[in-house]
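[1] Next input, structure requested:
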Amino acid sequence: MQLFYFQNPKDEFTLSVEESNHIIKVLRKKQGDTLFFTDGKGCEYTVKISSINKKSCSVVIIDKKKQDKIHKGHLHIAIAPTKNISRFEWFLEKSTEIGIDEITPIICSNSERKVLNHERCNKIIISAMKQSLKHYLPKLNDIITFKKFTEKNIQGVKYIAHCHESKKLIFHKLKKTNKTTILIGPEGDFSKEEIELAENKNIKSITLSKTRLRTETAGITSVLINNII
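    Next up is the predicted model:
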């Protein structure tokens, strides 16, 4: 099975140039062939190719069904983009494959990367969703400063993972909750001031491992633990 994505499908719609090109030139599909789509909101659409030419492909919906989300709860990771952007993009891809609901890039005191190509990052997430046959598209928020993020009214339990010497909860021993937000710092970790600010906002300090993890590894570890426990 191959899964395609269309944000707001109607009874009949025309695919993007990129998707049309893939269907026509790579998959060599023809008029009357069946395809499967998701809207990224949990629905799977069975469609039939109604018209096709060298440059575009139109389809008509013949069936629609709601799919259950594979992982439970709502997991939100707020993570500092890495200096090497490929490492951050790897996190986006793998966390989507495993199971995540929301991602917020954050700018911290020790951040070496403070800008992102939001469109490119979102394309990576969409591709990973399709590749892993998931029907729920993780939400990618705009990049925001650490301070502004801590001021947001985020529901559920909130944790900050860091390497500083302090009393920290062990994340894999914590009871799984319906809504969980985890903050992951940059290379160089969060500053002491940031940790104090977070704790004053009732964001609890946690440890993810007995060893020091790279930013993207800490992000993936959080996703894995949340999906397993």
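
[2] show me where pLDDT drops low in the protein?
    By pLDDT under 70, the low-scoring segments of the chain are 229.

[3] which residues does the residue nearest to the spatial centre of it contact?
    For the chain, the residue sitting closest to the mean C-alpha position, by Cα atoms, centre = their mean, is P138 at 4.2 Å. Neighbouring residues of P138 by Cβ atoms under 8 Å, 6 or more residues apart in numbering: S95, T96, I100, D101, E102, I103, I125, M129. C-beta coordinates here come from the backbone N, C-alpha and C atoms, glycine included.

[4] farthest pair in those residues?
    Within those, E102 and M129 form the most distant pair, 13.6 Å apart (Cβ to Cβ).

[5] Neighbour count: these two, which is higher?
    Taking other Cβ atoms under 10 Å, E102 and M129 do not tie; M129 has more neighbours (21 against 16).

[6] Just to be sure, the more buried one is in a helix?
    Yes: counting by DSSP: H, G, I helix; E, B strand; the rest coil, M129 is part of a helix.

[7] For this protein, which segments are assigned as strands?
    3-5, 12-14, 34-38, 43-52, 57-66, 74-79, 102-107, 139-140, 144-145, 157-161, 169-170, 179-184, 204-207 (DSSP state E).

[8] what helices or strands is the fourth one leaning on?
    With contacts taken as 3 or more Cβ pairs under 8 Å, 6 or more residues apart in numbering; DSSP states H and E, strand 43-52 sits against strand 34-38, strand 57-66.

[9] quick one, which of those is packed in tightest?
    Among the helices and strands packed on strand 43-52, ranked by average contacts under mean count of other Cβ atoms under 10 Å, first place goes to strand 34-38 (a mean of 19).

[10] my guess is D11 contacts I61, does it?
    Yes: using Cβ atoms under 8 Å, D11 is in contact with I61, at 5.6 Å.

[11] so D101 touches I70, yeah?
    No: the criterion here is Cβ under 8 Å, and D101 misses it with I70 at 11.5 Å.

[12] So for these two, which residue has more residues nearby?
    Ranked by neighbour count (other Cβ under 10 Å), D101 and I70 place D101 first, with 18 against 13.

[13] List the contacts of H74.
    The neighbourhood of H74, defined by Cβ under 8 Å, 6+ apart, consists of D101, E102, G156, N178, K179, T180.

[14] what's the spacing between it and N21?
    35 Å (Cβ to Cβ, to the nearest Å).

[15] which residues does the closest residue to T38 other than its chain neighbours contact?
    Spatial nearest neighbour of T38, excluding adjacent residues (Cβ to Cβ, 6 or more residues apart in numbering): H135 at 4.4 Å. Counting by Cβ under 8 Å, 6+ apart, H135 touches L3, T38, G40, K41, G42, C43, E44, Q67, K69, M129.
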